[in-house]
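K.L.:
Provide a 3D model corresponding to the input given below.
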Amino acid sequence: MNHAETDHRPSSQVWSEATARRYDDTLGWMGTSEAVEPVVDALARLAGSGRALEFAVGTGRIAVPLAARGVPVEGIELSAPMVEKLRTKVDAGTVPVTLGDMATTRVPGEFSLVYLVYNTISNLLTQQEQVECFRNAARHLIPGGRFVIELGVPPLRRLPPGQLACPFEVTEEHLGFDVVDPVTQRLTSHHHWPARGVHGLSEHRYIWPAECDLMAQMAGLAPEHRAADWHGSEFTAESDSHVSVWRRPASG
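P.N.:
Sure, this is the predicted structure:
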């Protein structure tokens, strides 16, 4: 395993050993083949014959099956316990990982694809760090290479006046709701699994799609495509998520 430490202390939460141990069990539908396969299909097409780099690779939900498709995949991950969990699935030769934050950590070489899935860019809690994340992606790309993110659209349209909490999943297995601060663009996701007696939360800074485009422009990336999901559904005003692709110019 390639661990490159840096003095930078990002705002992202660092997942603990306990969180990493149970992380895959809390994914629910997102951990199923129905959710994973369209992501891997799309990323494999975008990577082509080149190398892919996943920011915040976690326990390898996407990187492991993408590598199994024959795409050379590397990762950057802030949490050592999450990397240790990934190592129970594949070795460092299959998915090399550099330990560090996705806004500043540099991996040797260039890639045809850099990607961030499952809202992970929102784990960076300041706008400046999110801008630096786009710049870091651009630094890793070959000319013509692509940066892809999967990100939720803030649920503000579903909030009546005076209400700052919005449920995103209510099932017998899982209760989830977001608490939103529209002034700071901060969002706290609360998760409760009644059968396990487990409660968790995660902090995020949400980004509007147009704000993402501006961050990409600041990083020297050009917009290529935006869809509502990994199946390529049209992105509309009613979409609650987006998969966006920007490209580093082939020259200049």
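
K.L.:
Run me through the strand neighbours of the host helix or strand of Glu54, direction for each.
P.N.:
Element membership for Glu54, per DSSP states H and E: strand 52-55. Each strand that pairs with strand 52-55, with its direction, by DSSP bridges: strand 73-77 (parallel), strand 111-116 (parallel).

K.L.:
Between those, which one is closest to Leu175.
P.N.:
strand 111-116 (26.4 Å; CB to CB). Glycine gets a C-beta too; all of them are placed from N, C-alpha and C.

K.L.:
Not counting its own residues, what contacts that closest one?
P.N.:
Residues lying outside strand 111-116 but in contact with it, judged by CB atoms under 8 Å, 6 or more residues apart in numbering, are 43, 46-56, 62, 74, 102, 133, 137, 140-142, 144-151.

K.L.:
Quick check: buried residues in the helix or strand Gly145 falls within?
P.N.:
Taking DSSP H and E as the criterion, the element that holds Gly145 is strand 141-152. Of the residues in strand 141-152, those with enough neighbours to count as buried (16 or more other CB atoms under 10 Å) are Leu141, Gly145, Arg146, Phe147, Val148, Ile149, Glu150, Leu151, Gly152.

K.L.:
and the angle for it with strand 111-116?
P.N.:
Inter-element angle recorded for strand 141-152 and strand 111-116: 20 degrees (by axes from the mean of the first three to the mean of the last three CA atoms, to 10 degrees).

K.L.:
got the CA coordinates for strand 141-152 in CSV?
P.N.:
The C-alpha coordinates for strand 141-152 follow below in CSV (Å, rounded to 0.1, in the frame of the first residue of the first chain):
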residue,chain,number,x,y,z
LEU,A,141,-5.8,14.3,-16.2
ILE,A,142,-4.2,13.7,-19.5
PRO,A,143,-5.2,16.2,-22.3
GLY,A,144,-8.7,15.1,-23.3
GLY,A,145,-9.2,13.3,-19.9
ARG,A,146,-12.5,13.5,-18.0
PHE,A,147,-13.5,14.4,-14.4
VAL,A,148,-16.8,12.9,-13.3
ILE,A,149,-18.8,13.5,-10.2
GLU,A,150,-22.1,12.0,-8.9
LEU,A,151,-23.8,14.5,-6.6
GLY,A,152,-27.2,15.1,-5.1
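
K.L.:
ok, then the element right after it?
P.N.:
Per DSSP H and E, strand 141-152 leads on to strand 165-170 as the next helix or strand towards the C-terminus.
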